[in-house]
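*Asks:* requesting a structural model of the entry that follows:
(chains A and B)
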Amino acid sequence: MHPATHPESARPARTHRTLKFGRVLRGLAATAVALPLIFGAAACGDSNDDAGTDPNEKVELSVFWWGDDSRAETTKKVLDAYTAAHPNVTFVTTFQGNQGYLDKLSTQAAGGNAPDIFQLDDNMLSELAERKVTLDLTPYVEDKKLDLSKFPESLAKYGVVDGEQAGVALAENTPGLIYNRTKLKEFGVAEPATGMTWEAFIAWANEVSTKSGKKLPGTMDPSADYKALWVWLRQQGKEFYNGKELGFTAEDLTRWFELWKGARDSGATPTADVIHEGNSSDASKQLVVTGKAATSWVWSNQLAALSKNTKNELGLMAYPGDPKGQWARASMYWSGSSKTKHPDVVADVINFFVNDATAAKTLGIERGITPNLDLRKEVEATLTDANQKASLAFETEITPKFGAAPTPPPKGHAAVRTLLVSIAESVQYGKATPAQAAQDFLTQAASKLA
Amino acid sequence: MALTTASAPVVPEQPGRRAPDAHKRRGPGAGRGRQGVAGYVFLSPWLLGLMGITAIPMLLSLYLSFTDYSVFSTWEDVEWIGLENYQEMFTGDPQFYRAVTVTLLYALIMVPLKLAAALAVALLLNRAWRGVGLFRGLFYLPSLLGGSVALALVWSALFAGDGAVNEFLAFFGITGQAWVNDPDYALGTLIILGIWQFGAPMVIFLAGLKQVPVELYEAASVDGASPWRQFWHVTMPMLSPVIFFNLVLETIRGFQGFTSAFVISNGTGGPVDSTLLYTLYLYKRGFAEFEMGYASALAWVFLLAIGILTIVLFSTGRFWVHYADGEDR
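*Replies:* Coordinates of the predicted model:
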């Protein structure tokens, strides 16, 4: 600041006044961008600049993921094991809860300062890959330095965006129906089975409602659930997305909403306000554990987590219809940063996570089922939790019946998902007819995907 | 900002203290210049805060509101799209209008009721009862907890379909609603929560009531004015500047309502967008749908709307706000 008080002495400062506002603005913007860059550069100043051929070169990688303490513990153990095998490579790890994870990652990425390795799910993979935040791992996959050959083929492909391997599945997962086995026994209703049609499933749910004396509706209404809609569409030869657009019409969506309107009207599902509670993604609020419905539409690997929230015994099956509509979905990915100085090491670390037997056993199936089919058996032998075993048995049984994986959802998927919830709820609460709602959805989704 | 004001004198003219060589060019360390430096040094934390936390981000957000900027964009692919965000907002975004409607309903119903509650309780607590201090504290408490997530969580538990409120109603044989899970009632629940947090304006009303000269009441009662007349013809006019102050403050606060709606709806504004307050919608677009450019445009429209509303409130103030020393203003 210029200590200007006297008119004459103030003269030099006056030149500032002649600055065009635009230039000032640009200057400010440049400062705002430059500052984090400077600090960022300083923070990683001690890492070596030449992406070396020297195998003993000191390398420090930053790793970032979301999850709880137990996930952090296993992840760090695997990283330590990698350091033990490659003493020149060390890691700086950060983790946090799901809430705010993407905010933080995006801020770092915007500053050109993304972690070398970070965790993603398919909600975000395309968004980041299309914006060139992720490292293209294709060359490493091609020369087997990052070996995906033991993966189910569709799982390996589910990390490919626009022809680039943007992420590698850390675990496999698939949609699963989790039902309350204890209550079914109590009411004397047969357990549902994988492969039953949607109509048969709704009829079964109706039976549960009736036999429980209307106390326990047979199923959560999944009409707001994008993965249920997606499986249903695939069973009719359609996709949720066709490239960067929706892969279905208003008529398809109308039929979907009508299917569930029928189920609600007949009493197979709870009422709209209870369904709204279940639309929350929180595992502890799923209706199957709060006792407000006999079945929840979730992911197969959630069996263990949901079981912790109820005293009842839970069972697991595929979504109704032909299991071909389902696919080996990556529950989470490891991705590298496109700005990393050590892409070779990044690829090698990811390879270690998915192909090293000890690493696989350390990780267990907390993130989902082990992606490497050979290691899956070894991991299976180490499991002690009955629910985890059941999850894995289900996955092993259903994997051969899967259809091909679609491409990961496009940019804008996160917005489309929340849109589906609010539109489907407008039908559930009777604020819109299925046809109106379907039309609204298509119009608004188009602008979110544009 | 600081660049353009740098040449203005920061120290008032003090002729008596002018140094003998005042007319000569001096280095920054000399005479009043040194005071200038000291002034800026003392100002610098505030100036840095203003620049770093307010001015630069605001200017950036204004710039971003004219761009297609996702949180993941690097600076190279920020694309200038002119007024497209604003155009989209006013012509192609039904949720924008939904958010505006919800926010207006929320603020216009909640603020008057909240102020009425605050004033009523302040009048009660203005008496010299035993233990009145304790009551003042208790009534102020919800306000202290006001913005907290914990309170909103408690609220959503109380008003859930199987919550305590419905159990209480069931005691009287009334079948309750699914309050927070029903689009017809969810916003009403939020409004009640907002009204309940009337502690802050209440404390200000209390302070205002203490300022009303006792002689006025004495004179009024000598003239035979009923308590009701005293309230309307003494208390209200004398209190009007405080009412005005509270009205402006609470209106702005009402429009900025966020936390309770965010917590109760799990960040969705649901069910069926019934609790989609403007700031919540802004948050959704920016952080859940990653459209920072659009969210910035939403923020600027919001800023303008609140600015205009405040001006309108101030212009009506002329007609009903009574200042005791009227002539001086």
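
*Asks:* CA only for contacts and neighbour counts going forward, please
*Replies:* Will do.

*Asks:* point out where the chain drops to low pLDDT.
*Replies:* No chain was given, so I picked chain A. For chain A, residues meeting the criterion pLDDT under 70 lie at A:1-55, A:99, A:110, A:281.

*Asks:* meant chain B, my bad for not saying
*Replies:* Low-confidence regions of chain B, defined here as pLDDT under 70, cover residues B:1-32, B:74, B:146-147, B:324-329.

*Asks:* select the longest helix from it.
*Replies:* Of all the segments of type helix in chain B, defined by DSSP state H, the longest one is helix B:94-125.

*Asks:* part of a strand, is A:Lys215?
*Replies:* No - the assignment for A:Lys215 is coil, going by DSSP: H, G, I helix; E, B strand; the rest coil, so no strand is present there.

*Asks:* next up, phi/psi of it, please.
*Replies:* Comment: the main-chain dihedrals of A:Lys215 come out as phi -80, psi -40, following degrees, to the nearest 10.

*Asks:* was I right about it contacting A:Asn206?
*Replies:* No - the pair A:Lys215 / A:Asn206 is not scored as a contact, 11.7 Å apart, by Cα atoms under 8 Å.

*Asks:* higher neighbour count, those two?
*Replies:* Per other Cα atoms under 10 Å in any protein chain shown, whichever of A:Lys215 and A:Asn206 has more neighbours is A:Asn206, with 23 against 14.

*Asks:* beyond whatever helix or strand the more buried one lives in, next helix or strand please.
*Replies:* Remark: A:Asn206 resides in helix A:198-211, with elements defined by DSSP states H and E. Sequence order places helix A:226-234 as the next helix or strand after helix A:198-211, per DSSP H and E.

*Asks:* adjacent strands (with direction) for the next helix or strand after that following helix?
*Replies:* Scanning forward in sequence from helix A:226-234 by DSSP H and E, the next helix or strand is strand A:241-242. The pairing partners recorded for strand A:241-242 under DSSP bridges are strand A:245-246 (antiparallel).

*Asks:* tell me which strands and helices whichever helix or strand comes after the strand it pairs with is in contact with?
*Replies:* Next in sequence after strand A:245-246, counting helices and strands by DSSP H and E, comes helix A:250-266. Using 3 or more Cα pairs under 8 Å, 6 or more residues apart in numbering or on different chains; DSSP states H and E as the contact criterion, the elements in contact with helix A:250-266 are helix A:198-211, helix A:413-428, helix A:434-449.

*Asks:* so how many other residues sit close to the nearest residue to A:Lys227 once chain neighbours are set aside?
*Replies:* Of all residues not flanking A:Lys227 in the chain, A:Pro175 sits nearest, at 7.2 Å (Cα to Cα, 6 or more residues apart in numbering or on different chains). By the criterion of other Cα under 10 Å, A:Pro175 has 21 neighbours.

*Asks:* and the gap between A:Pro175 and A:Lys132?
*Replies:* As for A:Pro175, its distance to A:Lys132 is 29 Å (criterion: Cα to Cα, to the nearest Å).

*Asks:* close to chain B: what parts of the stretch 351-450 of chain A are there?
*Replies:* Within the stretch 351-450 of chain A, the positions lying close to chain B (Cα under 8 Å from any Cα of the partner chain) are A:412, A:414-415, A:418, A:422-423, A:425-426, A:429.

*Asks:* enumerate the residues of the stretch 151-300 of chain A near chain B.
*Replies:* Where proximity means Cα under 8 Å from any Cα, the interface of the stretch 151-300 of chain A facing chain B comprises A:273-274, A:276-277, A:280.

*Asks:* residues touching the residue nearest the centre of chain A, list them.
*Replies:* Nearest to the mean C-alpha position of chain A, counting by Cα atoms, centre = their mean, stands A:Asp121 at 3.1 Å. Listed by Cα atoms under 8 Å, 6 or more residues apart in numbering or on different chains, the contact set of A:Asp121 reads A:330-333.

*Asks:* rerun at 6 Å
*Replies:* A:332-333 (Cα atoms under 6 Å, 6 or more residues apart in numbering or on different chains).

*Asks:* against chain B, how distant is it?
*Replies:* Spatial separation of A:Asp121 from chain B under the definition Cα to the nearest Cα, to the nearest Å is 14 Å.

*Asks:* quick one: residues in contact with stretch A:326-333.
*Replies:* A:119-121, A:155, A:167-174, A:231, A:402-403, A:405.

*Asks:* now the longest helix of chain B: how far from the chain's centre is it?
*Replies:* Per Cα atoms, centre = their mean, to the nearest Å, the displacement of helix B:94-125 from the mean C-alpha position of its chain is 12 Å.

*Asks:* immediately after that helix, which helix or strand?
*Replies:* Helix B:94-125 is succeeded, C-terminally, by helix B:132-145 (DSSP H and E).

*Asks:* lovely, talk soon.
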